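1. Kindly return the folded structure for what I paste below:
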Amino acid sequence: MRRIGPDTLFSRLFALLLGVVIASHLSVILSFAAFTTGMVLPPGATQVLVAPGSPSSTPIVQFLHPEQVVWKALGDLWPVMGMMLLVLVLAAWFGAAMVAAPIRRLSDAAAGLADNLDSPPIAEAGPREARRAARIFNRMQDRISAQLRQRSVFLAAVSHDLRTPLTRLKLRVERVDDPDLKDRLRGDLNEMASLLNAALDVLRGEVDSEPWQLFDVQALADSLAEDAGETGRTVTVCGHALPLMAQPTLLRRCLSNLIENALRYGQSARVILKEEKSALIIDVEDDGPGIPEDKLTAVCEPFVRLESSRNKSSGGVGLGLSIAREAAVRHGGTLTLHNREEGGLVARLFIPRHR
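-> Modelled structure (predicted):
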């Protein structure tokens, strides 16, 4: 069954109260009509009516049937009933709004918490149930923030403690006389460092609560293309993008990973910016080997690598697309992959403009 209007708590409460008001008025009208229709008037019953503007000493006498008496009485009641109905409808509107306000405030706070863990706590106001729900929500927010701060400290400690032995190992590898063994050890150490950095980037992305601000996506794409050009790689940008409410560091990491992925496996990258009515679409295309259709979803999972087109010498550890997808989700959007008919891969970043 198709609903009329938005399905919200306010609309449901208002519809319920409005139905009660209308039903009560109809019951009064029907009861009055049934009562007056059942009255037995004596033969030749009359009702004296005074015409507007005429002296009260000269009444106009009019003979009415019982049905006419009923309709005239109802006609006299309509203004009063209409005023009562209007007042009760307004009371139902404000009553529904007052009941739904705490739930709306709680849902808005939950949505804000998903974007910013440092958002201010909600006011513990309203009826007892609403105050209790707000108190529990604020307590939950405090505990989550404390746990993430502890994780941040842990990440910093892990980063420091692991990088120190890696640095010592790199220094000791230089003392190895066998050139082949030295190269293999260097490769293993570089791979370990890459895995460590990628894993820390994933965890750091979950911990960081960067503030939202109006960000120039066009300038970001041009900057990344210039950075690639300085290293002899080709990245072209076409299209236009208006400023977007975003977390700049997270969005930069997302787009940078998509471009690096395209350059690694396609030798060149094309960034296409598309403005829609309520969203921004960023396509990153390459001319690489593409991805098998049954693996397009799996490659976005952490540490998933396709050996047929990705090897250790390429430097990938299987976290670039995972980080990009997480960044898209944090912005309320999506990251989808599909193969081009001409060959190559397209990574489409869809970010809604709802902030």
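
2. Okay, helices next: where are they in the stretch 1-150 of the chain?
-> Per DSSP state H, counting those that start in this stretch, the stretch 1-150 of the chain carries helices over the ranges 9-37, 66-115, 128-173.

3. Now render those helices as CSV, adding mean pLDDT.
-> What follows is the helices of the stretch 1-150 of the chain, written out as CSV (pLDDT from 0 to 100):
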stretch, mean pLDDT
helix 9-37, 68
helix 66-115, 70
helix 128-173, 80
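
4. got CSV for those helices, with distance to T334 too?
-> To be clear about C-beta, it is placed using only N, CA and C from the backbone, and glycine gets the same treatment. Formatted as CSV, those follow (distance: least, CB to CB, whole Å):
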stretch, distance to T334
helix 9-37, 28
helix 66-115, 16
helix 128-173, 25
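
5. Between these, which one is closest to L244.
-> helix 66-115 (14.0 Å; CB to CB).

6. doesn't R233 make contact with S268?
-> Yes: applying CB atoms under 8 Å, one finds S268 in contact with R233, separated by 7.3 Å.

7. before we move on, the earlier item: can you redo the helices of the stretch 1-150 of the chain as JSON lines with mean neighbour count?
-> Listed next are the helices of the stretch 1-150 of the chain as JSON lines, based on neighbours: other CB atoms under 10 Å:
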{"stretch": "helix 9-37", "mean neighbour count": "14"}
{"stretch": "helix 66-115", "mean neighbour count": "14"}
{"stretch": "helix 128-173", "mean neighbour count": "13"}
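
8. so which of those helices comes closest to F215?
-> Closest among the helices of the stretch 1-150 of the chain, using CB to CB: helix 66-115, at 14.2 Å.

9. Helix, strand, or coil at I272?
-> strand (DSSP: H, G, I helix; E, B strand; the rest coil).

10. what's the spacing between the closest residue to it other than its chain neighbours and G266?
-> In this structure, I272 finds its nearest non-sequential neighbour in D283, 4.2 Å apart by CB to CB, 6 or more residues apart in numbering. Counting by CB to CB, to the nearest Å, the separation of D283 from G266 is 13 Å.

11. what's the answer for R143, then?
-> Taking CB to CB, one finds R143 at 45 Å from G266.

12. Can you give the domain ranges for this structure?
-> 9-115, 146-207, 213-352 (automatic domain parsing).

13. gap between the last one and the chain center?
-> Translated: domain 213-352. Its chain's C-alpha centre and that of domain 213-352 lie 21 Å apart, by CA atoms, centre = their mean, to the nearest Å.

14. average pLDDT for that domain?
-> Domain 213-352 carries an average pLDDT of 84.

15. Now the terminal residues of it, how far apart.
-> 15 Å (CA to CA, to the nearest Å).

16. what bridges to D283?
-> I272, R348 (DSSP bridges).

17. Can I get the domains of the chain in a markdown table including distance to A130?
-> A markdown table is the format used below for these (distance: least, CB to CB, whole Å):
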| stretch | distance to A130 |
| --- | --- |
| domain 9-115 | 3 |
| domain 146-207 | 25 |
| domain 213-352 | 27 |
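
18. Can you check which of these gets nearest to R132?
-> domain 9-115 (10.3 Å).

19. How about V346: what's its closest non-neighbour residue?
-> Using CB to CB, 6+ apart, the nearest residue to V346 is E285, at 5.1 Å.

20. quick one: the one you found from Y265, how far?
-> Here the criterion is CB to CB. By it, E285 lies 12 Å from Y265.

21. likewise N197?
-> The gap separating N197 from Y265 is 20 Å, by CB to CB.

22. of these two, who's got more company?
-> Set side by side, N197 and Y265 show more neighbours around Y265, with 21 against 13, by other CB atoms under 10 Å.

23. how about that one, secondary structure?
-> helix.

24. Not counting its neighbours along the chain, what's nearest it?
-> G288 (3.8 Å).

25. pretty sure the one you found contacts A262?
-> Yes: using CB under 8 Å, G288 is in contact with A262, at 7.3 Å.

26. what touches both of the two?
-> L345 (CB atoms under 8 Å, 6 or more residues apart in numbering).
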